[in-house]
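1. Requesting a structural model of the entry that follows:
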Amino acid sequence: MSFRSAISRLLPALALAVAIAAPVGASNHATVRVLHASPDAPAVDVYVDDAVVSALTNVPFGTLSDYLDVPSGDHNVKVYATGTTTDPVIDADVTLAAGTAYTIAATDALASITSQVLVDDPSPDCDSAQVRVVHFSADAPAVDIAPAGATPDEAVIKNLAYPDASDYLSLRGGSYDLEVRLAGETTVALDLPGVTVEDCMAYSVFAIGSAADPAVGGNGLQVVVGVDASADPDMPATDTLPVGGDSNGIPPLVLIGAVLLAVGVSLRVLRTRVDAAGEPRD
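-> So this is what the prediction gives:
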């Protein structure tokens, strides 16, 4: 499948999902951020109404943009392979609902590239932090996330599989000892001691990349952490933390990003053990 034919499959689903999503506020604008999560797709440039979006040029795999403030209503979107301005891979119209925030992701390998559209609707307050985990690795297994030592029934996130997102979890700011497990099991893929979150903040943690060996496109499992909203007026809600990027003064989930990257490695090792021995090793 060519890049053009694959990427052109994304926009109809994207436009439909955006058009039918219910508004969550009274603004006459929508906010949209874009995540490139297709591990073997090339970098792209994005144009809206024939104007290049400066924040969305040469967008490679693993990039999560800041939220972009876009007037609600109808818009033309063109997407070009980076560095070109003719023969767009996408040329279509979309409708954005007022007062709604979206994360739009391109996921899965290029041959089966698929759009995922999330409505981002956190409700942070300064009594707690909110964390949502999003499984955007098409070839990785389903997982549970549980407090250390808890039973499978006590997992805080259960059977999270591609391409699903958990609900926002409310956690008091502080440090937590967690475990990532194979779904429904007590087998620990990775211990997560000392996971720290901060009150007032809402985050999304996106697991992306490939669990295959070798990894599709050479891009193994990794994470992108985004700030969805903040109840603190001194902390802009549009900041994001790209993989390997600067934290822009937002430290709380740096540890989560690091440990979930290790989760990807651990899950791949665990799957190898399952294939070889017929059952996971405790």
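2. low-scoring stretches of the protein, by residue?
-> Under the criterion of pLDDT under 70, the regions of the chain flagged as low confidence span 1-27, 89-92, 189-191, 234-282.
3. Remind me which helix or strand the residue nearest to Val53 when sequence neighbours are not counted belongs to.
-> Once flanking residues are discounted, Val53 sits nearest to Val46: 4.9 Å by CB to CB, 6 or more residues apart in numbering. From N, CA and C alone the C-beta is placed, and that goes for glycine too. Of the helices and strands defined by DSSP states H and E, Val46 is found in strand 44-48.
4. ok, back up a step: the residue nearest to Val53 touches Val59, doesn't it?
-> Yes - shown here, Val46 and Val59 form a contact pair, counting by CB atoms under 8 Å, at 7.0 Å.
5. hang on, the earlier thing: next SSE downstream of the strand holding Val46?
-> Toward the C-terminus, strand 44-48 is succeeded by strand 51-52 as the next helix or strand (DSSP H and E).
6. Can you check which residues contact both of Val46 and Val59?
-> Taking CB atoms under 8 Å, 6 or more residues apart in numbering as the contact rule, Val46 and Val59 both touch Val34.
7. Any idea what the residue nearest to Val53 is bridged to?
-> Under DSSP bridges, the beta-bridge partners of Val46 are Val79.
8. Tell me who's in contact with it.
-> Val46 sits in contact with 34, 52-53, 56-57, 59, 77-79, where contact means CB under 8 Å, 6+ apart.
9. a markdown table for these, including distance to Asn28 and neighbour count?
-> Converted to a markdown table, the contacts of Val46 look like this (distance: CB to CB, whole Å; neighbours: other CB atoms under 10 Å):
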| residue | distance to Asn28 | neighbour count |
| --- | --- | --- |
| Val34 | 21 | 22 |
| Val52 | 24 | 14 |
| Val53 | 20 | 18 |
| Leu56 | 22 | 21 |
| Thr57 | 27 | 15 |
| Val59 | 27 | 23 |
| Val77 | 19 | 18 |
| Lys78 | 24 | 18 |
| Val79 | 25 | 22 |
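10. before we move on, the earlier item: can you give me the distance of the residue nearest to Val53 to Pro152?
-> When CB to CB, to the nearest Å is applied, the distance between Val46 and Pro152 equals 42 Å.
11. Show me which of the contacts of Val46 is closest to Asp232.
-> Val34 (25.0 Å; CB to CB).
12. So the closest one sits against Ser65, correct?
-> Yes - in this structure, Val34 is within contact of Ser65 by CB under 8 Å, at 4.7 Å.
13. Quick check: neighbours shared by these two?
-> Shared contacts of Val34 and Ser65, counting by CB under 8 Å, 6+ apart, come down to 56, 59.
14. Now stretch 31-40: buried residues?
-> Going by neighbour count (16 or more other CB atoms under 10 Å), the buried part of stretch 31-40 is 31-40.
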